[in-house]
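[1] what shape does this take:
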Amino acid sequence: MEAPKPVRSFLAIEVSPEVRQRIGRIQERLGMYLKGIRWTHPEGIHLTLKFFGDIYERDIAAIAGAVEGRAAAEAPVNLRAGGLGAFPNADRARVLWIGLDGDLERLSRLQRDLDGAFEGLGYPREKRSFKPHLTLGRARGERILGVQDVLRRGESHQAGSFEAGALVLFRSELKPGGAVYTKIAEFPFLRSGEGTPAGAAGK
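    Got it, this is the predicted structure:
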């Protein structure tokens with residue numbers, strides 16, 4: 001019998017199509033000034049709450065059990081995307097991101113609660129503090145060139161608001177053209193997704 005293969009996975013919040021479209025236009029504008037960056041496909045942009053790495057089919061039920069009740073007890077989260085930043089900093093930018101504002105206190109509390117629950121399942125807590133953001137692109141080499149100049153321009157780069165109505169467990173497959181994300185399960189927040197069973201697999 002063939003040994004089960006692990007699945008690279010993470011828990012995230014989806015971004016609305018309208019915000020993704022605006023982010024795509026922001027990326028196009030920034031492309032005139034930045035070099036050495038591999039852009040994230042707009043359709044793959046999301047807010048990551050927990051990266052699990054490789055998990056097995058048997059782990060999904062335990063993760064779902066930790067997420068389902070917590071998601072069902074939360075009201076939808078309202079967020080706004082805008083403002084650029086870089087990790088670890090603008091001088092040595094490896095990751096370019098757009099920031100988030102809105103229900104961040106409640107979102108951060110939920111993330112801490114989930115992180116504690118996942119620790120009980122054997123997934124270590126995140127060492128870095130939670131900084132909600134959407135990744136626009138990553139360095140192709142040592143760093144992204146031109147980030148300091150872009151930030152000095154002081155443009156707000158607003159991508160708009162969206163309501164997060166669920167948490168989603170994604171599968172990540174690394175392809176030659178970039179990562180491809182597929183829904184494994186979706187966990188609606190309170191008062192959202194009526195008629196959609198919590199944990200129902202995405203199509």
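[2] all contacts plus neighbour counts: C-alpha atoms, from now on.
    Noted.
[3] point out where this protein drops to low pLDDT.
    By pLDDT under 70, the weakly predicted segments of the chain are 1-3, 192-203.
[4] phi, psi of E57?
    With angles defined as degrees, to the nearest 10, E57 sits at phi -50, psi -40.
[5] what's the answer for D101, then?
    phi -140, psi 170.
[6] and if you look at A72?
    Backbone torsions for A72, taken as degrees, to the nearest 10, come to phi -70, psi -20.
[7] that one and L167 touch, don't they?
    No: contact criterion C-alpha atoms under 8 Å: A72 and L167 do not qualify, at 9.8 Å.
[8] which of these two has more neighbours?
    Applying other C-alpha atoms under 10 Å to A72 and L167 shows that L167 carries more neighbours, namely 25 against 18.
[9] can you name the helix or strand that the more buried one falls in?
    Per DSSP states H and E, L167 falls inside strand 166-175.
[10] helices or strands up against the helix or strand containing D59?
    D59 is located in helix 57-72, with elements delineated by DSSP H and E. In terms of contacts (3 or more C-alpha pairs under 8 Å, 6 or more residues apart in numbering; DSSP states H and E), helix 57-72 is packed against helix 104-120, strand 178-188.
[11] for these, which one sits closest to V95?
    Shortest distance between V95 and those, using C-alpha to C-alpha, is found for strand 178-188: 15.5 Å.
[12] count the residues that sit near the closest residue to Y123 other than its chain neighbours.
    Excluding the flanking residues, the one nearest Y123 by C-alpha to C-alpha, 6 or more residues apart in numbering is F52, at 7.1 Å. Counted by other C-alpha under 10 Å, the residues lying close to F52 total 16.
[13] that's a strand at F52, yeah?
    Yes: judged by DSSP: H, G, I helix; E, B strand; the rest coil, F52 forms part of a strand.
[14] wait, doesn't it sit right on F10?
    Yes: between F52 and F10 there is a contact under C-alpha under 8 Å: 5.3 Å.
[15] hmm, back to that, shared neighbours, A72 and L167?
    With contacts taken as C-alpha atoms under 8 Å, 6 or more residues apart in numbering, the residues that reach both A72 and L167 are 187-189.
[16] can you select the buried ones among the residues you listed for me in PyMOL?
    Selection command for PyMOL covering only the buried members of the shared contacts of A72 and L167, criterion 16 or more other C-alpha atoms under 10 Å:
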select buried, resi 187+188+189
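[17] which one of the shared contacts of A72 and L167 is nearest L84?
    The closest of those to L84 turns out to be F189 (C-alpha to C-alpha; 28.3 Å).
[18] what's near enough to touch the closest one?
    Counting by C-alpha under 8 Å, 6+ apart, F189 touches 71-76, 165-167.
[19] export the residues you listed to CSV and tack on distance to G116?
    Below are these laid out as CSV (distance: C-alpha to C-alpha, whole Å):
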residue, distance to G116
A71, 15
A72, 17
A73, 17
E74, 17
A75, 20
P76, 21
G165, 22
A166, 19
L167, 16
